Structures are given as structure tokens and as C-alpha cells.
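Enquirer: Output the structure for:
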Amino acid sequence: MARAVASAVLIVLTCVLVPVALLATWVHDIVLDTDRYVATVDPLATNPAIQDAAVHRITDAVGARVDGQRAAADIASWLQSQGLPPRAADAVRGLGPQLDAAVNQAVTKTATRVVRSDAFATVWNTANRAAHNAVVHALTGQGRGAVGVSDGTVTLDVGTAVDRVKQELVNAGLKPADKIPQVNKQLVLFHSDELAKFRKAAHLLDVVGNWFPVLVVVLGAAGVFLARRRRRALARTALGAALACLVVAIALAVARHYYLGHLPPQVQSKAAAAAVFDTLVHFLRISLRTAVVLGVVIALGAYFVGPGRLPVAVRGASDHTADSAARWAAAHHISTGRVGGWALAYRRIITLVVLLIIALVFALWNHPTVLTVLLLVLVLLGVLAVLALLAASGRTQLRTGPGAAHPPADRT
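Expert: Prediction:
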């Protein structure tokens, strides 16, 4: 009784902790690792939503200091002092809005050219690398950088791009741009009132990020080992973990929808906020999907090696097909020799070794995906098919060979 209770507790705990382990890996390997973080956010430099938001912010930072109305009034006053009739001077003053529009158009055109150039991608990449300490600050309260974090608002300093736009405007003949003073050049990436509450959790996930997934696997293995029906326990553990990951994936989608639907005024672009959110959680989403598919695959594997009517029928049909192929090969004088007999005798041991190798490859795979799982499953099925054909060839040799009417027992 105690053994069954311990097994159930360990299995339930494993199912709950699998998505937590994926979260820990995401925080440790992506969010708080400089190289991987920069590689993750690097494509955002060419994202249209980010570029549009950057153009808008740079245009505001530059254009806000070019007052066409005042410039037109100054020109009109000077011309009037030189003898220009008052009505003509009033007409010049009326050119203020047109002058504003022309300046804004020139600034926007220049800002767009800068943002869509390779130079902006370089600035973005360099700034994010230097800013990584501030991203750590956003989640752990430690560090600082070009990405600012204040009251749950995460901003990126676009001062380099603004300075470049100012210089290009001056070079193009817009001399007043040279007198543009230092202004707020922060581009708000995203905002969350709950950011401070996540800091302790993020720090904890970072600390346990290396060994926590291993601990979860050990707990799951112990739960299955203590169970009386281990095959069924394995299937339930895999399906439970897959269900937990599916719930977290759905919660992540709901959180995204809620977040984008409640953006504060500080966030200049909803599309840019969505791009940042999607990019940062991309690896987490892939990990959750992979865990769901892997859990389903393991559960199906545990089911099809069991005594159920369908698994028995599938295995019987597989062996019958392999036997037919072996008889055809024998009729055409095609033989596997001793390899067939060896495969027949050690089929279960070979299958177990192959399963362990596949599991080891998956464990050592750097950030596996759903395609990784499917590829390894195809490899496993291919190996099992070859093994079934070799074993069938061994059976055929025993049946047709002299003095060997019965195959040797499977040495497991």
C-alpha cells in the first residue's frame, strides 16, 4: 500500500513539475544567457512592427524640436522689418503648418531609411548585447543596461539612431536639426505591473535551471519503478506530463491575448509589443509542444507493447508480414546467415539497447523540437522493422534447417 501511494505521489509530482522544468530551462538558457538572448532577439531588428515603432519614436524625438510655426513667424518678422508689406508677412506666417509637414516628412523619410538599413540591425544587436544585464534586472532585480526597467516598463534606448537621423538631416541642409537638444529617446518595448512580482520566481528558476529537469526525470523514473504495473504507470506519467504542458501552453496563449488587450499608454505599438512577446517566448512554446508530442509518443509506445487486443493484433500482423518476407527471401536463396539467428535470440535485448540509445540522443539534443521527436520515432521504427525482418529470417532458417524445429528462447 505504501509503495502504491509513493508511486502515485511521485507520478503526480512529475506531471506537475515537467512544465516547471521547461520554464526553468527557458529562463536559464534563453532569458539569462547573453549569447542565446541576443540570438533570440536579433531578428526583431528586421521585424516590420519593431521598425515602424522605432521610426515613430525617432520621428517624435527629432521632429518635436523643429517648430515650423515659430520658424515661419521669425522669417515673416525679419522680412517685415526689411520692408515686406504686413499682408505678405501674414502669408509667410501662414506657411508654418506646411513647413511643419515638410519637416516631419523629411524626418520620417530619413528615420525610415536609417531604421531599414543594415546599420540599424547592427545598432540593435550591439545594444541588446550591452543591455542584457538590464533584462536580467527586469527578472531578477540585478544589473543594468541600455534596456531600462522602471515600474514594470521595459524600454530600449534608441539614442544612437536618433543621433544618426539628426546628422543626416543636417547633412541634407536642415540646419535647425543641429540644435536639437537631448530628449527622451526611450522606445517602450513592453509593460507589466506584475513584473516585480516575477523577480523572485525568475531568480529561483535560474538557480535550479541546470539540475531541475534531471530531478524531474529521476522522480518520474522512481514513480514508475515503484508502481506494480510499470507499463501502465509509464503511460499515465507521459500522458499526465503532456496534459500539464498543454495546459501551460493554453495559459500562455491566454496570457498573450490578455496582455495585448490591456496595453498601457506607455507602449507605443501593439504590434511591436506582440513581436517582442512572441520572440521571447518562442523557445518556451516549442519546448511545451515538444513535451506534449513526446508524452503522447511514449504513452502510445507503452500501450502498443502491452497485452491489449489491438497491440497484440498489430504485433501479430507485423510478425506475419516479416515472416512472409523472410519466406520469400528464403525461396529466392537470400539468407541473413547467423545474423538472423542472433537477432532472433537477442531481439528484446537489442530493442532495449536501441531504446536507451534513442533516449540518450534525445537527452543530449540541444533544444529538441517536435521534428526531433518525430525523426527519432522514425529512426526507432526503422530499426525495429529491420530487427523484425532479421528475426523472421532466423525463424525461417530454424524451421527449414535440419534438426532445429524449435527456435531458441529469447535470451533476456
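
Enquirer: what sits against Q51?
Expert: The contact partners of Q51, by C-beta atoms under 8 Å, 6 or more residues apart in numbering, come to 45, 115-116, 120. Any C-beta I mention is one placed from the backbone N, CA and C, and that applies to glycine too.

Enquirer: Quick check: the farthest pair among these?
Expert: Farthest pair in those (C-beta to C-beta) is A45 and R116. Separation: 10.0 Å.

Enquirer: higher neighbour count, the two?
Expert: Using other C-beta atoms under 10 Å, the more surrounded residue of A45 and R116 is A45, with 20 against 16.

Enquirer: The more buried one touches S117, doesn't it?
Expert: No. Using C-beta atoms under 8 Å, A45 is not in contact with S117; the gap is 10.4 Å.

Enquirer: nearest to A249, of the contacts of Q51?
Expert: A45 (27.7 Å).

Enquirer: Any figure for the gap between the closest one and F277?
Expert: 17 Å (C-beta to C-beta, to the nearest Å).

Enquirer: What of R289?
Expert: R289 is 17 Å from F277, by C-beta to C-beta.

Enquirer: got it, and R285?
Expert: For R285, the distance to F277 - C-beta to C-beta - is 11 Å.

Enquirer: L390 now?
Expert: The spacing between L390 and F277, counted by C-beta to C-beta, is 52 Å.

Enquirer: the more surrounded of the two?
Expert: L390 (20 against 17).

Enquirer: So what does the more buried one look like in phi/psi?
Expert: When read as degrees, to the nearest 10, the backbone of L390 gives phi -60, psi -40.

Enquirer: now swap in V281 and tell me
Expert: The phi/psi pair for V281 (degrees, to the nearest 10) reads phi -100, psi 10.

Enquirer: Ok, A6 next?
Expert: phi -60, psi -40.

Enquirer: Now do stretch 246-264, average pLDDT.
Expert: Regarding stretch 246-264, the rounded mean pLDDT is 88.

Enquirer: Identify each buried residue in it, please.
Expert: 246, 248-249, 252, 259, 263 (16 or more other C-beta atoms under 10 Å).

Enquirer: Grab the CA positions of that stretch and hand them over as PDB.
Expert: Taking C-alpha atoms only, stretch 246-264 is exported to PDB below (Å, rounded to 0.1, in the frame of the first residue of the first chain):
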ATOM      1  CA  LEU A 246      -0.800  21.500 -22.900                       C
ATOM      2  CA  VAL A 247      -2.500  23.500 -20.000                       C
ATOM      3  CA  VAL A 248       0.500  25.700 -19.700                       C
ATOM      4  CA  ALA A 249       0.700  26.300 -23.400                       C
ATOM      5  CA  ILE A 250      -3.000  27.300 -23.400                       C
ATOM      6  CA  ALA A 251      -2.400  29.600 -20.400                       C
ATOM      7  CA  LEU A 252       0.500  31.200 -22.300                       C
ATOM      8  CA  ALA A 253      -1.800  31.900 -25.300                       C
ATOM      9  CA  VAL A 254      -4.500  33.300 -23.000                       C
ATOM     10  CA  ALA A 255      -1.900  35.500 -21.200                       C
ATOM     11  CA  ARG A 256      -0.700  36.800 -24.600                       C
ATOM     12  CA  HIS A 257      -4.200  37.800 -25.500                       C
ATOM     13  CA  TYR A 258      -4.900  39.400 -22.200                       C
ATOM     14  CA  TYR A 259      -1.600  41.300 -22.200                       C
ATOM     15  CA  LEU A 260      -2.100  42.700 -25.700                       C
ATOM     16  CA  GLY A 261      -5.600  43.700 -24.800                       C
ATOM     17  CA  HIS A 262      -4.600  45.700 -21.800                       C
ATOM     18  CA  LEU A 263      -1.500  47.600 -23.000                       C
ATOM     19  CA  PRO A 264      -0.900  50.800 -21.100                       C
END
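
Enquirer: Going by neighbour count, list what's buried in stretch 316-326.
Expert: Those buried within stretch 316-326 under the rule 16+ other C-beta under 10 Å are 322-323, 325-326.

Enquirer: Going along the chain, name the strands of the protein.
Expert: Taking DSSP state E to define them, one finds strands in the chain at 147-150, 153-157, 186-191.

Enquirer: Of those strands, which shows the lowest average pLDDT?
Expert: Lowest mean pLDDT within the strands of the chain: strand 147-150, a mean of 48.

Enquirer: Now do the contacts for L376.
Expert: So L376 contacts 358, 361-362 (C-beta under 8 Å, 6+ apart).

Enquirer: again, but for T237
Expert: T237 touches 11, 14-15, 220, 223-224, counting by C-beta under 8 Å, 6+ apart.

Enquirer: ok, now with 6 Å
Expert: 11, 14, 220 (C-beta atoms under 6 Å, 6 or more residues apart in numbering).

Enquirer: where does the stretch 301-412 of the chain have low pLDDT?
Expert: Along the stretch 301-412 of the chain, segments meeting pLDDT under 70 span 401-412.

Enquirer: ok, the residue nearest to W365 when sequence neighbours are not counted - how many residues close by?
Expert: Of all residues not flanking W365 in the chain, T372 sits nearest, at 5.7 Å (C-beta to C-beta, 6 or more residues apart in numbering). By the measure other C-beta under 10 Å, the count of residues near T372 is 18.

Enquirer: Would you mind measuring from T372 to S287?
Expert: Look at T372 and S287: by C-beta to C-beta, they are 11 Å apart.

Enquirer: if we can go back for a sec, can I get the buried residues of stretch 246-264 in CSV including distance to T110?
Expert: What follows is the buried residues of stretch 246-264, written out as CSV (distance: C-beta to C-beta, whole Å):
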residue, distance to T110
L246, 48
V248, 45
A249, 43
L252, 39
Y259, 33
L263, 28
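
Enquirer: nearest to V297, of those residues?
Expert: L246 (14.3 Å).

Enquirer: correct me, but that closest one touches V292?
Expert: Yes. Here L246 reaches V292: they are 5.3 Å apart, a contact under C-beta atoms under 6 Å.

Enquirer: Quick check: which ranges of the stretch 51-200 of the chain have low pLDDT?
Expert: In the predicted model of the stretch 51-200 of the chain, residues 58, 61-85, 87-104, 106, 126-200 satisfy pLDDT under 70.
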